[in-house]
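Q: no sequence on this one, just coordinates:
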C-alpha cells in the first residue's frame, strides 16, 4: 500500500502512566459490562415475542413487523452514537465510561417498562405501548453498548490483553444467559402458560442486577489510552466512508455477523414455541439454556490454542460446520423428545460457540485494517458499524421469526396447535438454522480474506507503518 494512502492523524494514542497497570480488576470490570447488557438483551431476544403474543395478544406477524422496524432504527442509532462518541473528549474518568454511568439508569428503567401490562386496555393500546417502549429501550441500549464495546481499545493497547478482554466479555454474556435461560422459564410460565405478573417481577429483579453490573463495570474498568492533541476532533466523513468501503475484511465479517445474528435470534425466538408447543415442555428451556452456557465455558480454554495453531478464521469455520451437520441431523429426527433434542443440539451449541468467542477478535482485526487503509483509529465508528450489522441481523431475525411462526399456522388462542403448525415449528428450529449456518461457513471459507497468515502480515505491516510515521 502506498505511503500516500496511509496518512497520520494529528492525534496519537498516549498511554497514561499514572494509573494502576492492567490486570484482573479491568478484566472483571469488562466482564460486568456485558453481564449487565445481556440481562435485558437476552430476556428480550428470547422471551419478548412470547410475551407480546401470549399476554398482549399481538399477532406473531405484527410482532415481527414491529421488531423489524424498531431494530432497523436501532442499527441507525448505533452508527449515529458511534460517530458522536468519536468526537467527544476524554475527561477525568475517560471518554467512554461516563456514558455507561449516565445512560444505564434510563436504559434499565425502559427495560422494565416493556413488561408492564396495564389491565383493561384495548388491543390498539397494547400494540402502541409495546412499539413505543421497545423502540425507546433499543435506542437507549445503543447509548450504553457502543461506548462499552469501544472501551476495550482504551483500557489497554496490548493485543493479547485485548483478546483477554474479549474472552471476559463473552463470559459476562454467558453468565447473564445462564441466569435468564435457566431461571427465566421457571419464573415466566405457570402451567405451561406465560404469566404477566411473573414477567414483570423478573424484569424488576433483572433490572436491579443489571444496574449493579453497570456500576461494577464503571468502578473497576480504567481507561488508560487518551488522545494527545486537540480534543473533539472534526472528523473527515468522506475519508471514513471511503476507508470502510475499501475494508473487505470488515464487509465480509459484517455479512457473516449479520447472518449469524439472524440464525442465533431465530433459534432463540423459535425455541420458545418449539419446547412450549412441539415438545409440550416449556420448562425444558431452562435445561437448554444451562447446556448452552456450559458448552461455551467448555470451549473457552480451547479457543486460544486452536487459534494459535490454526487461526481465527479457520477455528470459527470449523465450529460452524459442526453446527450445520448437527442441525441437519436433528431435522431428520422429529421423534426425539425434549431431553434427547437438547442432548444432540448441545453439540451444535458447542460448535457455534467458537464463532461467538472469536468474533470480537475479528472486530479488532478489521479495526486495525481500517487504520492501515485510512491512517485513522476510529474505534467507535468501526465498532458502531459492526454493531449496525448485528442490529440489522436482529431486525431480520425478529421479523422473520414472527412471520415464520405465523406462516406455519401458529395460533396463540388455541390450547393445542395443529399438526401442520407443529411440524413447521420443528423445521424452523432445525433445518432453517442448518441452512443459515452453512451460508456463514461459506462466507468465512471463501470470502473473508484474513486467514492466519494474512492476519500476522497485517499486524507486521501496520507496525511498520506506525514506525515510519513517528
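A: Here it is on my side, so go on. Here the structure is a predicted model, which means the values were calculated and not measured.
Q: what helices or strands is the helix or strand containing residue 363 leaning on?
A: Per DSSP states H and E: residue 363 is located in helix 338-374. Using 3 or more CB pairs under 8 Å, 6 or more residues apart in numbering; DSSP states H and E as the contact criterion, the elements in contact with helix 338-374 are helix 159-178, helix 237-245, helix 248-273, helix 284-310, helix 312-331, helix 379-407, helix 419-446, helix 452-469. All C-beta spots, glycine's among them, are computed from the backbone N, C-alpha and C.
Q: and the contacts of stretch 43-61?
A: Applying CB atoms under 8 Å, 6 or more residues apart in numbering, the contact partners of stretch 43-61 are 63, 66-67, 111, 114-115, 117, 123, 126-127, 130, 134, 137, 180-181, 184, 188, 193-194, 196, 199, 202-203, 206, 265, 268-269, 271-273, 276, 394, 398, 401-403, 405-406, 410, 412.
Q: would you show me how to pick out the buried ones of these in PyMOL?
A: Filtering the contacts of stretch 43-61 down to the buried ones (16 or more other CB atoms under 10 Å) takes a single PyMOL command:
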select buried, resi 63+66+67+111+114+115+117+126+127+130+134+137+180+181+184+188+194+196+199+202+203+206+265+268+269+271+272+273+276+394+398+401+402+403+405+406+410+412
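Q: how far off centre is stretch 94-107?
A: 19 Å (CA atoms, centre = their mean, to the nearest Å).
Q: quick check: buried residues in that stretch?
A: 94-101, 103-104, 107.
Q: could I get those residues in TSV, plus columns for pLDDT and secondary structure?
A: Shown next, in TSV, are the buried residues of stretch 94-107 (pLDDT from 0 to 100; DSSP: H, G, I helix; E, B strand; the rest coil):
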residue	pLDDT	secondary structure
94	78	strand
95	82	coil
96	86	coil
97	89	helix
98	90	helix
99	91	helix
100	92	helix
101	92	helix
103	93	helix
104	93	helix
107	95	helix
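Q: between those residues, which sits nearest residue 363?
A: Using CB to CB, residue 96 comes nearest to residue 363 of the buried residues of stretch 94-107, at 15.5 Å.
Q: isn't the closest one right up against residue 223?
A: Yes: using CB atoms under 8 Å, residue 96 is in contact with residue 223, at 6.6 Å.
Q: need the overlap of contacts for these two.
A: With CB under 8 Å, 6+ apart as the test, residue 96 and residue 223 both reach 151, 154.
Q: avg pLDDT for the helix holding residue 363?
A: For helix 338-374, mean pLDDT is 86.
Q: can you check stretch 187-197 too?
A: Stretch 187-197 shows a mean pLDDT of 83.
Q: who's in contact with that stretch?
A: 47, 50-51, 54-55, 115, 117, 198-199, 201-202, 276, 280-283.
Q: restricted to helices, list those residues.
A: Per DSSP state H, helices hold the following members of the contacts of stretch 187-197: 47, 50-51, 54, 198-199, 201-202.
Q: buried subset of these?
A: Among the ones in helices among the contacts of stretch 187-197, those buried by neighbour count (16+ other CB under 10 Å) are 47, 50-51, 54, 198-199, 202.
Q: quickly check those for the two that are furthest apart.
A: 54 and 202 (15.0 Å).
Q: find the centremost residue of this protein, please.
A: Centroid check for the chain by CA atoms, centre = their mean gives residue 390 as the closest residue, at 6.6 Å.
Q: quick one, what contacts that one?
A: 257-258, 261.
Q: residue 350 too?
A: Here residue 350 is in contact with 295, 298-299, 319, 322 (criterion: CB under 8 Å, 6+ apart).
Q: the helix or strand harbouring residue 218 to helix 159-178, inter-axis angle?
A: For residue 218, the host element (DSSP H and E) is helix 196-220. Orientation check (axes from the mean of the first three to the mean of the last three CA atoms, to 10 degrees): helix 196-220 against helix 159-178 gives 160 degrees.
Q: that older thread, out of the helices and strands packed on helix 338-374, which gets nearest to residue 83?
A: helix 379-407 (5.8 Å).
Q: residue boundaries of the strands in the stretch 1-150 of the chain?
A: Taking DSSP state E, counting those that start in this stretch as the criterion, the stretch 1-150 of the chain carries its strands at 12-15.
Q: so what's residue 303 closest to, chain neighbours aside?
A: Here the nearest residue to residue 303 in space, its sequence neighbours aside, is residue 357; by CB to CB, 6 or more residues apart in numbering that works out to 4.9 Å.
Q: pull the number of nearby residues for the closest residue to residue 213 other than its chain neighbours.
A: Nearest non-adjacent residue to residue 213, counting by CB to CB, 6+ apart: residue 36, 3.2 Å away. By the criterion of other CB atoms under 10 Å, residue 36 has 30 neighbours.
Q: do residue 415 as well
A: Residue 415 has 7 neighbours, counted by other CB under 10 Å.
Q: show me what contacts it?
A: Counting by CB under 8 Å, 6+ apart, residue 415 has no contacts.
Q: so how far is residue 360 from residue 326?
A: 24 Å (CB to CB, to the nearest Å).
Q: what's the answer for residue 400, then?
A: Residue 400 is 25 Å from residue 360, where distance means CB to CB.
Q: now the helix holding residue 218: buried residues?
A: So for helix 196-220, counting by 16+ other CB under 10 Å, buried means 196, 198-200, 202-203, 206-207, 209-211, 213-218, 220.
Q: for residue 111, what are its contacts?
A: By CB under 8 Å, 6+ apart, the neighbours of residue 111 are 40, 43-44, 137, 203, 206-207, 210.
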